[in-house]
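Undergrad: what follows is a predicted protein model with its sequence.
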Amino acid sequence: MYKGIVLIAILVGLVACGSPKTKQVEEVKKSTVQADHPGKIIYKRHCLACHQGNAGGIPKMYPPLANNKVISGDKAPLIKIMLEGMSGEIEVNGEIYNGVMASYKNLPDKDIAAVLNYLRSGFGNSGEEISAAEVKALR
């Protein structure tokens, strides 16, 4: 009897550890990471520390990119900010910010377009898609 219970416990453990459902969950997790929007990956790498995961910024230093008229507005000024950076006081949504944003001219045109499109399509923003060719033209 004791050997039968042990054998059943081992079989249950083997099935649970190697079940197809467990493997499917792991595969979904892997594919989700690989399917990330390229702009999101670039945002995490270059923008997240200052502008935060929710694009809410840091009070008095780094403005929110969420619900931001500059993000949703004309393409050229937005692209120029990425290429040239900026410093000094700016007002966003009625608040004054005084931080420094580095230039990202070292990024490829397609990466700049991708991160800007990521911002323009989320966080309460909306704007026409920006192409790599448009970034190149303003470079």
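TA: Received it, and whenever you're ready, just let me know what you need. Residues are numbered from 1 along each chain as shown.

Undergrad: distance of the residue nearest the centre of the chain from residue 78?
TA: Compute the mean C-alpha point of the chain, and by C-alpha atoms, centre = their mean the closest residue is residue 40, 2.6 Å away. Distance of residue 40 to residue 78, computed by C-beta to C-beta, to the nearest Å: 17 Å. C-betas here are computed from N, CA, C, even on glycine.

Undergrad: for residue 85, same thing?
TA: Residue 85 is 13 Å from residue 78, by C-beta to C-beta.

Undergrad: more neighbours: those two, which one.
TA: residue 78 (21 against 13; other C-beta atoms under 10 Å).

Undergrad: surely that one is within a helix?
TA: Yes: the assignment for residue 78 by DSSP: H, G, I helix; E, B strand; the rest coil puts it in a helix.

Undergrad: looking at it, it is touching residue 115, isn't it?
TA: No: the criterion here is C-beta atoms under 8 Å, and residue 78 misses it with residue 115 at 10.5 Å.

Undergrad: any idea which helix or strand in this structure has the lowest mean pLDDT?
TA: None of the helices or strands of the chain scores lower by mean pLDDT, DSSP states H and E than helix 20-34, at a mean of 37.

Undergrad: phi and psi next, for the closest residue to residue 61 other than its chain neighbours.
TA: Distance criterion C-beta to C-beta, 6 or more residues apart in numbering; nearest residue to residue 61, sequence neighbours excluded, is residue 99 at 4.2 Å. Here is the backbone geometry of residue 99 (degrees, to the nearest 10): phi -120, psi -180.

Undergrad: pull the number of nearby residues for residue 99.
TA: 16.

Undergrad: over to the one 5 residues further on?
TA: Residue neighbour count, defined by other C-beta under 10 Å, stands at 17 for residue 104.

Undergrad: what's the answer for the one 10 residues further on, then?
TA: Residue 114 is surrounded by 22 other residues when neighbours are defined as other C-beta under 10 Å.
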